[in-house]
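Participant: Got a predicted model here, sequence first, then my questions.
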Amino acid sequence: MVFDLDGVIYRSGPSGKKAVGESVRAIRALSKRKIPFCFVTNSTGSTEDEKAEMLSKILDLNIESSRVFMATSPMRELAKRYGKKRVLVIADGEEQSNKLATAFGFQNYVTLREYVKIRPALMPYWKKKKQIDSVKSTKTPEKISAIFVASEPNADWFSSLQVLLDIVTSNGETIEAFGGSVSDSQVVEIFFGNPDFSYPATHSVPRLTCGAFRTCLETLYYSTTGGRTLKSVCLGKPERHVFQSAFGSLVRQSNTPGDFDTVYMVGDNPASDIRGANRMGAPWESVLVLTGKSERNSKENPAMHVKKNVFEAVKMALNEHGGDVLE
């Protein structure tokens, strides 16, 4: 079985993440019966190790990082592809940007503040607020080959949108003195880890996330360029890559060739969890739970099964495949 996290296993709030839908009982039931399971999430901003540690605390069960697949996980392969080319990594602040860029294996990256420090004309008001004086960087100007948005920059969308817009409308360099110019076509690739527009939290209305940030950048690019469409790549669900990675984890856990009768994808988001599982086809079956974003099944991306919560989904799976009945 494969599980989404936010809205399925836990919900996020001011006091942290709290288990929902009898998720502790559900996952422990699978672990006790040695049934393969893993987690696929579009949440970003942390590494697989950190997410596994957090899950272990919530579920009171040891969760290995090999069971966790995140929207940013494919960035490790992309880091190899770009090698020593200069890339810009965006996350929630300098510390997180550096941490994730290092974890992904980027050899030649800059953070937003490092980029602006040697191009202060891009953000003139930063100098007045002394926002870049503390940035210690000896990196020299190089053209940007690609941008990686590992997570939305929670603290300051405006600054990030301004600089990203400057870069994607340029030849890879935004300052004329460094060889920069405006480009008639997009030459800088941009990758987003999380395609979701919003996520369920403890507040009654979902909170905006990376997909909303991407929509802002797309709108600005369209208006600035006279109607051109920003070309970008989203790496998380519903794309096939992350589902294939999860399937590989189930195969390794089961020590079989992977000829499963059924692989259940349990999620709360029809546009990512359910759509992605439906697109994979057999043996995947989609299960919508009602503890997150959705209150009912979707007409656009209908789930094959709808359950009240994750425990009910696990109970259905065990009952349908000859397991002992959970009560």
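Facilitator: Yes, it's here. Residues are numbered from 1 along each chain as shown.
Participant: what about the residue nearest to Thr140 when sequence neighbours are not counted, neighbour count?
Facilitator: Residue nearest to Thr140 in three dimensions, not counting chain neighbours: Ile118, with 7.5 Å by CB to CB, 6 or more residues apart in numbering. All C-beta atoms are positioned from the backbone trio N, CA, C, and that covers glycine. Per other CB atoms under 10 Å, the neighbour tally for Ile118 reads 17.
Participant: What score does Ile118 have for pLDDT?
Facilitator: pLDDT for Ile118: 91.
Participant: residue ranges of the strands in the stretch 1-150 of the chain, please?
Facilitator: Under the criterion DSSP state E, counting those that start in this stretch, strands of the stretch 1-150 of the chain are mapped to 2-3, 10-13, 16-19, 38-41, 68-70, 87-90, 109-110, 146-149.
Participant: which stretch among those comes nearest Glu50?
Facilitator: Nearest to Glu50, of all these, is strand 68-70, at 9.3 Å by CB to CB.
Participant: partners of that closest one in the sheet?
Facilitator: Here strand 68-70 is paired, per DSSP bridges, with strand 38-41 (parallel).
Participant: so what does the helix or strand containing Val287 touch, helix or strand wise?
Facilitator: Using DSSP states H and E, Val287 maps to strand 284-289. On a contact count with 3 or more CB pairs under 8 Å, 6 or more residues apart in numbering; DSSP states H and E, strand 284-289 meets strand 263-267, helix 275-280, strand 305-307, helix 310-320.
Participant: which residues touch that strand?
Facilitator: For strand 284-289, contacts defined as CB atoms under 8 Å, 6 or more residues apart in numbering pick out 7-8, 21, 243, 262-268, 270, 273-274, 277-278, 294, 297-298, 303-310, 312-313, 316.
Participant: And those residues, which of them are buried?
Facilitator: For those, a neighbour count by 16 or more other CB atoms under 10 Å gives the buried set as 7-8, 21, 243, 263-268, 270, 273-274, 277-278, 294, 298, 303-307, 309-310, 312-313, 316.
Participant: Quick check: the residue nearest to Thr140 vs Val89, distance?
Facilitator: 16 Å (CB to CB, to the nearest Å).
Participant: Checking Arg228 next. Helix, strand or coil?
Facilitator: Classification of Arg228 using DSSP: H, G, I helix; E, B strand; the rest coil returns coil.
Participant: closest one to Gly227 among the strands of the stretch 1-150 of the chain?
Facilitator: strand 146-149 (21.5 Å).
Participant: Relative to the closest one, what are the paired strands and their orientations?
Facilitator: Assessed with DSSP bridges, strand 146-149 is paired to strand 87-90 (parallel), strand 189-192 (parallel).
Participant: how about JSON lines for those strands, with mean neighbour count added?
Facilitator: Output for the strands paired with strand 146-149, formatted as JSON lines (neighbours: other CB atoms under 10 Å):
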{"stretch": "strand 87-90", "mean neighbour count": "26"}
{"stretch": "strand 189-192", "mean neighbour count": "21"}
